[in-house]
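>>> I'll drop the sequence and a predicted model, then ask my questions.
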Amino acid sequence: MIKLWKQVAAVIILVFLPVTYMAQAASVVNISIDGKERQLNPPAQIVNDRTMVPLRFIVEDPALQGQVYWDQSQQKVAMDCRGRYIELYIANKQAKVDGKACTLDAPPYIYQGRTYVPLRFLAENLGARVEWQASQRRVNIQFNQAQPRVFAYYYYTPWDELEQNAHLFTDIAFRWFATNSEGELYYEYKADYAKTLAWAKSKGIRTHASVVLMGSDALHTLLSNQKNRTRLINGLIQEVRKNGYDGVNIDFELMAASDAGNFTTFLRELKQALGTDTELSVAVFARTGKEKWATPYQYDQIGQIADSVVVMAYDYHYTTTAPGAIAPLWWVKEVAQYMAKIMPAEKVLMGMATYGYDWPKNSSATAVTAQKLSQLQSKYQVQSHWDEASYSPYYTYWDEKGRYHEVWLENYQSLTAKWQAVSDYNLGGVSFWRIGTGFTDLYQLLEEQL
């Protein structure tokens, strides 16, 4: 067995192997690791839609710094790299990672005296995230992956819950601001805002000034008028400078679809005024791309302008609909897939519901929190159920008037599956409305994942 690569290469060149592959004719494949461009010599090849790289890449790259071993009798090449031991066999899809058998999409091969191995398989088994950008023919490999963001909203929030779970939040959007059709910015409430803001900063949490406006008429008047937009932008800039916010969060809902262009214009003007040092985040309704209804959110353009996008992936069933899951898992996955496709995935913060609804039979629902559910369980004979189709829990009971109720609310199991979807689509993190609902299942999940 030979340990040094130069000796490995020499042996491989001299040894005749019966299987040799010709790469598909294609333009150059660009490769970057942790944001830095790599120049491979010889270059990478595309074979059967798989990126193959010369084994020398493993040894020489500073991010990998591995050792290579060649076993001629078995036609086996082994790598000791980043704490993993990987064994590959020429012209064979069978491989081993730390002794565990696995199957490759593309087998290693020798071409012009060089051993080529599948890049995605190697990178992912060495702990990296791999992304293919077809338009640029680029493979992005990320070893130094950022911790998922936890973007929490603060609104009339009990202090205890904020203090106890501060270590779990990367960002807090303080939703004590509102605006009107004229673009006048004002505090909806100001209870201890200066103290709370200073405390969050002392914990290293990024702070965002969050402003809300709902209603199509008011939003049209604001967004369609240059003076009104400018008035709001100036007010937000003043608050950022005065109180040292790290970002601004925009939560405009129930807009008319005809104002989509006006909203995008407002965001572009706001981001230009904020500059590169102040983050702009925007809350949008969830969408899968299959919907027929018009939307006021130009998702692709918002994804270009904003630094992060909070996707409200909940209220699939609402107070006025039939009972059902607040955020069915299949739907959340479709939302994640669409958002990651239409904007940079790292900008997407997937919203998680910390509340649910209680539907009396044949009546509109009312909002319910984990604390409210606990009260119901102590008062009535509440039965727990699990809906596999939506991967969601629900609860049933009869009240003192003889009315049948269904309660749908997330739990640890359903949230864990949604967290996995965020990971699977390489999203930037999660968001939730809001701190203060007493939803301990969410905090349990965050404790374990972070």
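Thanks, I have it.

>>> right, and the secondary structure at the spatially closest residue to residue 252 that is not a sequence neighbour would be what?
Ranked by CB to CB, 6 or more residues apart in numbering and with sequence neighbours excluded, the top spatial neighbour of residue 252 is residue 213, at 5.4 Å. Using the backbone N, CA and C atoms, a C-beta is placed for each residue, glycine as well. For residue 213, the assignment made with DSSP: H, G, I helix; E, B strand; the rest coil gives strand.

>>> Distance check, residue 213 against residue 283.
Relative to residue 283, residue 213 is positioned 11 Å away (CB to CB, to the nearest Å).

>>> overlap in contacts of those two?
251-252 (CB atoms under 8 Å, 6 or more residues apart in numbering).

>>> So between those two, which is more surrounded?
residue 283 (24 against 21; other CB atoms under 10 Å).

>>> Tell me which helix or strand the more buried one sits in.
strand 279-285 (DSSP states H and E).

>>> Now that strand: average pLDDT?
Computed over strand 279-285, the mean pLDDT rounds to 98.

>>> now for the helix or strand just after that strand, which elements pack on it?
Next helix or strand after strand 279-285 toward the C-terminus (DSSP H and E): helix 299-305. Other elements packing on helix 299-305 under the criterion 3 or more CB pairs under 8 Å, 6 or more residues apart in numbering; DSSP states H and E are helix 260-274, strand 279-285, strand 308-312, helix 329-342.

>>> Now find how far off-centre helix 299-305 is within its chain.
16 Å (CA atoms, centre = their mean, to the nearest Å).

>>> now what about that helix, what contacts it?
Here helix 299-305 makes contact (CB under 8 Å, 6+ apart) with 264, 267-268, 271, 280, 282, 284, 287, 309, 339, 342-344, 347.

>>> Need the max-distance pair from these.
271 and 287 (21.5 Å; CB to CB).

>>> what is the orientation angle of the longest helix anywhere in the chain with helix 260-274?
Taking DSSP state H as the criterion, the chain has its longest helix at helix 226-243. Counting by axes from the mean of the first three to the mean of the last three CA atoms, to 10 degrees, helix 226-243 points 40 degrees away from the direction of helix 260-274.

>>> so what does the strand holding residue 283 touch, helix or strand wise?
Counting contacts by 3+ CB pairs under 8 Å, 6+ apart, strand 279-285 packs against strand 206-214, strand 247-253, helix 260-274, helix 299-305, strand 308-312.

>>> Taking helix 329-342 as reference, get the angle to it.
Strand 279-285 runs at 140 degrees relative to helix 329-342, counting by the same axes, to 10 degrees.

>>> For strand 279-285, which outside residues touch it?
151, 173, 206, 208, 246-253, 267, 270-271, 274, 295, 297, 299, 302, 305-312, 349, 351.

>>> Going through those, which ones are buried?
151, 173, 206, 208, 246-252, 267, 270-271, 274, 297, 299, 302, 305-312, 349, 351 (16 or more other CB atoms under 10 Å).

>>> so when I look at residue 65, I'm seeing a helix, right?
No. Counting by three-state DSSP, residue 65 is not part of a helix but coil.

>>> Can you give me the distance of it to residue 57?
11 Å.

>>> Compare the two (neighbour count), which wins?
Higher neighbour count among residue 65 and residue 57: residue 57, with 22 against 11, using other CB under 10 Å.

>>> Can you name the residues bridging to residue 92?
residue 89 (DSSP bridges).

>>> Residue 96: which of the contacts of helix 299-305 is nearest?
Once CB to CB is applied, the member of the contacts of helix 299-305 that ends up nearest residue 96 is residue 344, at 35.4 Å.

>>> So what does the closest one have for phi and psi?
Here is the backbone geometry of residue 344 (degrees, to the nearest 10): phi -60, psi 120.

>>> Next, the contact list for it, please.
Shown in contact with residue 344 (CB under 8 Å, 6+ apart): residue 303.

>>> Distance check, it against residue 125.
Distance from residue 344 to residue 125, by CB to CB: 25 Å.

>>> Could you give the bridge partners of residue 84?
For residue 84, the beta-bridge partners are residue 81 (DSSP bridges).

>>> can you check residue 130 too?
Applying DSSP bridges, one finds that residue 130 bridges with residue 141.

>>> Give the closest residue to residue 180 in space, chain neighbours not counted.
Nearest residue to residue 180 in three dimensions, chain neighbours excluded: residue 218, at 6.5 Å (CB to CB, 6+ apart).

>>> mind checking the SS state of the one you found?
Following three-state DSSP, residue 218 is assigned to helix.

>>> Could you tell me how many residues sit around it?
Other residues close to residue 218 by other CB under 10 Å number 17.

>>> do the same with residue 341
Neighbours of residue 341 under the rule other CB under 10 Å: 12.

>>> How is this structure partitioned into domains?
5-142, 149-449 (automatic domain parsing).

>>> from those domains, which stretch is densest packed?
Ranked by mean neighbour count under mean count of other CB atoms under 10 Å, the domains of the chain are led by domain 149-449, which reaches a mean of 18.

>>> Endpoint to endpoint, that one covers what distance?
Terminal residues of domain 149-449 lie 11 Å apart, using CA to CA, to the nearest Å.

>>> which residues in the stretch 301-450 of the chain form strands?
Applying DSSP state E, counting those that start in this stretch to the stretch 301-450 of the chain gives strands spanning 308-312, 348-353, 356-360, 366-368, 383-387, 392-398, 404-408, 429-435.

>>> Noted, bye for now.
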